[in-house]
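Colleague: Sequence unavailable; structure follows:
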């Protein structure tokens, strides 16, 4: 996706970025009324994404066991709410929890690590998109690159250097920013990005034990609600199994 | 070919005044035959054998590969051109099945594709065969269409697979094929946009201090070795970039990313480059972009040429 060669000059240039507070707004999103919600025979992920797309609810999925994608679920509710639908979906699988932060419905698990053992809790001194940019560029390239800068500060080197790469997927019309954020966690940045147009969800790919590292292929995947695909289980299942198969040992938290 | 279903209309006919060896049938055919009207039909030893042995005459006749038709019997005449009977009737002949088309005519290796088989003579209890490495599950069917799932094994032979339908009346033609597609390339389709990158932008992209560069959005398409698009949603495509020579922009080793194809087998790819020699340098860095689709490597590698003011993807 991207690659880096260290530089002749030290990384010393500071950017004077305008701070923008990430105040927790009174979302009330869980209480948002829904006239009808119907899914039949979808995976848990596709059911949640259907809710997000239908009601313009941004999602952050911090925990998703790939085995739970293989079992279809059905939900039919009338005169309900976003919170009730989320509950109805999650109740069909064991161990999932949910909460609302920054206007984003977050799906989690009681066993998720926190603090230093979870990069989502990592505090970034600053995060910037410079100007307007595509959502997928911000989530899949800028955020990992800027997180990596704090995890492993580049050392001064000599010679010509550069980065180049390719970011796959996304829709260029889904523009976000400009953003100049300070003292924000990675989770807050992801929430801010997917909630700008309320049209996306971020999904953690790694199992809970691996949330303390930034894999080469990325720690999260962002699904845009207006993408051509409307069913993601097959694709996400492939990705998740790849991440989970390496060291999770197939144990359910 | 015998048309036994005409028998109920003929069995009681007696030619009393012409002593005919042949009878002629005025038969109007329905959909599925080559013509809407056949003026005469020749019958040989009808009353003895109770069978129509052949139909000839008229502009259509019966072609050698006909498999089924619907007909209406209008009347029967003898060799003296006298109407033997005006008994009318309708019927359908169910004879050997015939496949006229398969849709879609191709599908990705290692996955299941829903297929619609069109033709005739499928009534009864048809079974479908699609050759080695394809497990067929038949769904709903009627006389002219069969819905089926073709589960193509990951080790199925690539290329054409002859498809046949078998009923109690026999096995169909086998000249219609289902093509098993093996992903081969991520082919450039079109440019979406392209702009230069300032130092501030490169900083947000993880570029080295003071670097600037270029970015370009393009659309790529997954294709097989016959350069046919693999039109399937949700195929996981992933790339890996490996710098080659020249490398005037100082590009280092690469990592991978992945996404899913849309229903046309396409996806956007956002290429970017930031280098300390940009802007201003006329140098270039050649990078090999290798691909996997659903975890299997593709045969074709894209050559991406990064410059300070352009990015070329496989010559485009």
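Modeller: Now that the structure is in, tell me what you want to look at. Because the structure is predicted, anything quoted here is derived from the model rather than measured.

Colleague: only C-alpha atoms for contact and neighbour calcs from this point on.
Modeller: Will do.

Colleague: Low-confidence stretches in the chain?
Modeller: You didn't say which chain, so I picked chain A. Applying pLDDT under 70 to chain A picks out residues A:1-27, A:230, A:247-253.

Colleague: switch to chain B, that's the one I care about
Modeller: Residue ranges of chain B with pLDDT under 70: B:1-95, B:253-256.

Colleague: For it, give the strand that spans the most residues.
Modeller: Using DSSP state E, we find that the single longest strand of chain B is strand B:183-197.

Colleague: So stretch A:150-158, near chain B or not?
Modeller: No: Stretch A:150-158 is not in contact with chain B by Cα under 8 Å from any Cα of the partner chain; minimum separation 8.7 Å.

Colleague: one step back: tell me which strands and helices the longest strand of chain B is in contact with?
Modeller: Counting by 3 or more Cα pairs under 8 Å, 6 or more residues apart in numbering or on different chains; DSSP states H and E, the packing neighbours recorded for strand B:183-197 are strand B:212-224, strand B:284-293.

Colleague: any chance of the ones you listed in TSV, with distance to residue A:245 and mean neighbour count too?
Modeller: Output for the helices and strands packed on strand B:183-197, formatted as TSV (distance: least, Cα to Cα, whole Å; neighbours: other Cα atoms under 10 Å in any protein chain shown):
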stretch	distance to residue A:245	mean neighbour count
strand B:212-224	27	23
strand B:284-293	18	22
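
Colleague: Same list, those strands, but as JSON lines with distance to chain A please.
Modeller: What follows is these, written out as JSON lines (distance: least, Cα to the nearest Cα, whole Å):
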{"stretch": "strand B:212-224", "distance to chain A": "8"}
{"stretch": "strand B:284-293", "distance to chain A": "9"}
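
Colleague: if we compare those, which one ends up closest to residue A:237?
Modeller: strand B:284-293 (14.3 Å; Cα to Cα).

Colleague: sorry, back to before: relative to residue A:154, which of the helices and strands packed on strand B:183-197 is closest?
Modeller: Among the helices and strands packed on strand B:183-197, if distance is taken as Cα to Cα, the winner is strand B:212-224, at 17.5 Å.

Colleague: so what does the closest one touch, helix or strand wise?
Modeller: Short answer (3+ Cα pairs under 8 Å, 6+ apart): strand B:212-224 packs on strand B:183-197, helix B:199-204, strand B:266-275, strand B:310-313.

Colleague: To residue A:223, which of the ones you listed lies closest?
Modeller: Within those, the stretch nearest residue A:223 is strand B:266-275; the backing value is 13.4 Å (Cα to Cα).

Colleague: and the closest one, is it in reach of chain A?
Modeller: Yes: Strand B:266-275 reaches chain A (Cα under 8 Å from any Cα) through B:267-275.

Colleague: most packed of the helices and strands packed on strand B:212-224?
Modeller: Highest mean neighbour count among the helices and strands packed on strand B:212-224 (mean count of other Cα atoms under 10 Å in any protein chain shown): strand B:266-275, with a mean of 28.

Colleague: got the angle for that one vs strand B:183-197?
Modeller: Interaxial angle, strand B:266-275 versus strand B:183-197 (axes from the mean of the first three to the mean of the last three Cα atoms, to 10 degrees): 50 degrees.

Colleague: What ranges does the stretch 101-250 of chain A have for its helices?
Modeller: Secondary structure of the stretch 101-250 of chain A, counting by DSSP state H, counting those that start in this stretch: helices at A:135-137, A:143-151, A:186-195, A:233-247.

Colleague: what sits against residue A:135?
Modeller: By Cα atoms under 8 Å, 6 or more residues apart in numbering or on different chains, the contact set of residue A:135 is A:170-172, A:174-176, A:193-194.

Colleague: and residue B:232, how many neighbours?
Modeller: For residue B:232, the neighbour count with other Cα atoms under 10 Å in any protein chain shown is 18.

Colleague: what are the phi and psi angles of the closest residue to chain A within the stretch 1-150 of chain B?
Modeller: Evaluated by Cα to the nearest Cα, the stretch 1-150 of chain B has residue B:111 as its residue closest to chain A, separated by 10.8 Å. For residue B:111, the backbone dihedrals (degrees, to the nearest 10) come out as phi -130, psi 170.

Colleague: go on, residue A:215?
Modeller: Phi and psi for residue A:215, reported as degrees, to the nearest 10, are phi -70, psi 160.

Colleague: Setting the sequence-adjacent residues aside, check what's closest to the residue nearest the centre of chain A.
Modeller: With distances taken as Cα atoms, centre = their mean, residue A:202 lies nearest the centre of chain A, 2.5 Å away. Excluding the flanking residues, the one nearest residue A:202 by Cα to Cα, 6 or more residues apart in numbering or on different chains is residue A:222, at 4.4 Å.
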